[in-house]
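*Asks:* The following comprises the amino acid sequence and a computationally predicted model.
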Amino acid sequence: MSFCNFFGGEVYKDHFKPGMYVCSQCNHPLFSSRSKFSHSSPWPTFTDTIREDSVTKMMESLTAFKVLCGKCGNGLGHEFVNDGPEEGVSRF
């Protein structure tokens, strides 16, 4: 299952070439490869979105938000608060 498309290919988890990740439904810009990091999750992981309006978030718990494309509402997964590569950083 994939939640975003990479310009020039569709290799997500272990793909670290420079580029932009966009919504697979509407091509809305979501994440930059600059915010991507390696994680044990089966999906690509990012520390931040390209813009504040790249995604819409809905709180599911104190530590998790449901994340949707900010343009079309396509489900992208979750933001896990304080589960990023550094203390105090979230993981998308």
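*Replies:* Alright, I've got the coordinates.
*Asks:* From here on, just use CA atoms for contacts and neighbour counts.
*Replies:* Noted.
*Asks:* now the strands for this structure?
*Replies:* For the chain, strands defined by DSSP state E occupy the ranges 4-6, 20-23, 29-32, 36-37, 45-46, 55-61, 64-69, 75-80.
*Asks:* Mind checking those for the one nearest to Glu86?
*Replies:* Distance to Glu86, taken as C-alpha to C-alpha, is lowest for strand 36-37 among those, at 10.8 Å.
*Asks:* related to what we said a few turns ago, out of the strands of the chain, which is closest to Lys13?
*Replies:* Across the strands of the chain, Lys13 has its closest neighbour in strand 45-46 (7.4 Å, C-alpha to C-alpha).
*Asks:* any idea how far the residue lying closest to Phe65 once chain neighbours are set aside is from Val81?
*Replies:* Nearest residue to Phe65 in three dimensions, chain neighbours excluded: Met59, at 4.3 Å (C-alpha to C-alpha, 6 or more residues apart in numbering). Counting by C-alpha to C-alpha, to the nearest Å, the gap from Met59 to Val81 is 11 Å.
*Asks:* Same question for Cys26.
*Replies:* Counting by C-alpha to C-alpha, the gap from Cys26 to Val81 is 26 Å.
*Asks:* Neighbour count for the two, which is higher?
*Replies:* For Cys26 versus Val81, the count of surrounding residues by other C-alpha atoms under 10 Å is larger for Val81: 17 against 14.
*Asks:* confidence score at the residue nearest to Glu60 when sequence neighbours are not counted?
*Replies:* Take Glu60 and drop its neighbours on the chain: the residue closest to it by C-alpha to C-alpha, 6+ apart is Lys66, 6.3 Å away. For Lys66, the pLDDT comes out at 96.
*Asks:* Ok, Asp14 next?
*Replies:* What the model reports for Asp14 is a pLDDT of 71.
*Asks:* Hmm, it is touching Trp43, no?
*Replies:* No: between Asp14 and Trp43 no contact is recorded; they are 9.0 Å apart, counting by C-alpha atoms under 8 Å.
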